[in-house]
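>>> just to be clear, the model below is a prediction. Sequence and coordinates:
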Amino acid sequence: MKLPKARKRGESYRIELMFNGKRISATRDTEKECEEWAMIKLLELKTQSNEDPRIKPHYPFSALLLKYYESIGKHKKSKRTIHISINQFIRNFPNIAEMSVHDITPQVLTDWRNVRLKQVSVGTVLRDISLFSSIFSYAQKELFLIDINPFALVVKPSQPKSRNRRISNAEIDLILQAHDYKHGQVPTDPQHFVAWAFLFAIETTMRQGEILSIKRSNIFDDYIHLPETKNGDSRDVPLLDSAKDLLKLIAPTKSERLIDIESSTFQNMFGNRIRKLGIDDIHFHDTRHEGITRLVKLRKVPIEILMKITGHKTAGILINTYYNPTASEISKMLNESN
């Protein structure tokens, strides 16, 4: 059955379906959202009207992906990442996207995994597997479309080694120059704010998303309050004098947000300039590793205090992932403590 076209009604779009003599309609913000709703709704109606339970209707994986996003994904904090991953899969793997969920086997997904490993990093593949496995679990346990999650028999690639990339002062200077920014400068352009955030991240160990979420009402004399962080909890981040000096450079504006830049714009701006510098092995998140290492190496912050600053719930992840002192550095610290 060919899907009808959505029609514009004022600032929104409306689409109508006819099924078994009944008219069903919906209104959405965009034409694409209308078409996605119609495809999912039509599949649901066909499934419900199937009289022989032995006959499994064709339910494209793409429809399941879109239904998951509408029902669950768009309500998560990571909704933007989920939406991008789903759209990329539908665009890059159309053959699998149009397969019925009943026909997708562990072999199909293993072949997809192997192709994906040649295109992107192991970490990205692991994140994709986690997302799509959750979607199949949703189809199994919530929609009762399938009996078994096919990802249960797919071997995950080995977890990559933790990054321990330090950022040198020379590299910091290069990154600031690439954003036309200098130490102590009042940021005015978007690229200045990106450079400022880079410095602020090193001084506070805060994540990029946490910095972009800061509201002026969250800032206190000695700390910044983060109402919600990656692990779902709130956290108070203490401020070194160097971090306070950086905050003083931000001029008052009408916006409640400290940095009024969208995450995608921020990421693109930083990534493009890093690539032009030829040091694209640096990620913005490496500032967290650098900041944590400096707190331990220069300020001798003990691990239990460090956990409160960074928001880690277990010492193991913090030590193994973010702070990786060499044997020589450990020797120096031990001798300095005598």
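Everything's here; your move. If you're wondering where the values come from, they're calculated on a predicted model, not measured in any experiment.

>>> walk me through the domains of this protein.
Following automatic domain parsing, the chain resolves into domains at 7-153, 169-336.

>>> looks to me like residue 301 is in a strand.
No: per DSSP: H, G, I helix; E, B strand; the rest coil, residue 301 lies outside any strand segment and is coil.

>>> identify each buried residue in stretch 142-153, please.
143, 145, 146, 149, 150, 151 (16 or more other C-beta atoms under 10 Å). In short, each C-beta sits where N, CA and C put it, glycine included.

>>> and the end-to-end length of that stretch?
Stretch 142-153 has an end-to-end distance of 20 Å (C-alpha to C-alpha, to the nearest Å).

>>> could you pull out the strands in the chain for me?
7-9, 12-19, 22-28, 223-226, 235-238 (DSSP state E).

>>> buried residues of the third one, list them for me.
Translated: strand 22-28. Those would be residue 28, for strand 22-28 by 16+ other C-beta under 10 Å.

>>> how big is the angle separating that strand from strand 12-19?
In terms of direction (axes from the mean of the first three to the mean of the last three C-alpha atoms, to 10 degrees), strand 22-28 departs from strand 12-19 by 160 degrees.

>>> which strands and helices sit next to strand 22-28?
Applying 3 or more C-beta pairs under 8 Å, 6 or more residues apart in numbering; DSSP states H and E, one finds that strand 22-28 contacts strand 12-19, helix 31-49.

>>> ok, now which ones touch residue 307?
Contact analysis of residue 307 by C-beta atoms under 8 Å, 6 or more residues apart in numbering lists 313, 315, 318.

>>> pull out the buried members of these.
Of the contacts of residue 307, these count as buried by 16+ other C-beta under 10 Å: residue 318.

>>> my guess is residue 183 contacts residue 172. True?
No: counting by C-beta atoms under 8 Å, residue 183 sits too far from residue 172 to count as a contact (9.1 Å).

>>> what is in contact with the two at once?
Common neighbours of residue 183 and residue 172 (C-beta under 8 Å, 6+ apart) are residue 199.

>>> those two - which one has more neighbours?
Ranked by neighbour count (other C-beta atoms under 10 Å), residue 183 and residue 172 place residue 172 first, with 18 against 12.

>>> tell me the confidence at that one?
Looking at residue 172, its pLDDT is 96.

>>> got it, and residue 272?
94.

>>> and it, how far from residue 65?
Per C-beta to C-beta, to the nearest Å, residue 272 is found 29 Å from residue 65.

>>> so for the two, which residue has more residues nearby?
Just comparing residue 272 and residue 65: by other C-beta under 10 Å the higher neighbour count belongs to residue 65, 23 against 13.

>>> quick one: mean pLDDT over stretch 180-197.
pLDDT averaged over stretch 180-197 gives 96.

>>> can you list contacts of that stretch?
For stretch 180-197, using C-beta under 8 Å, 6+ apart, the contacting residues are 175-176, 179, 199, 208, 211-212, 246, 249-251, 259, 261, 265-266, 269-270, 273.

>>> change it to 7 Å
Outside of stretch 180-197, the residues within contact range by C-beta atoms under 7 Å, 6 or more residues apart in numbering are 175-176, 179, 211, 246, 249-251, 259, 261, 266, 269-270.

>>> how about stretch 231-250?
With contact meaning C-beta under 7 Å, 6+ apart, stretch 231-250 is reached by 186-187, 196, 199-200, 203-204, 206, 219, 222-229, 258, 309, 311, 313.

>>> among these, which lie within helices?
196, 199, 200, 203, 204, 309 (DSSP state H).

>>> show me what contacts the third one?
Spelled out, that is residue 200. Contacts here follow C-beta under 7 Å, 6+ apart; on that basis residue 200 touches 211, 243, 246.
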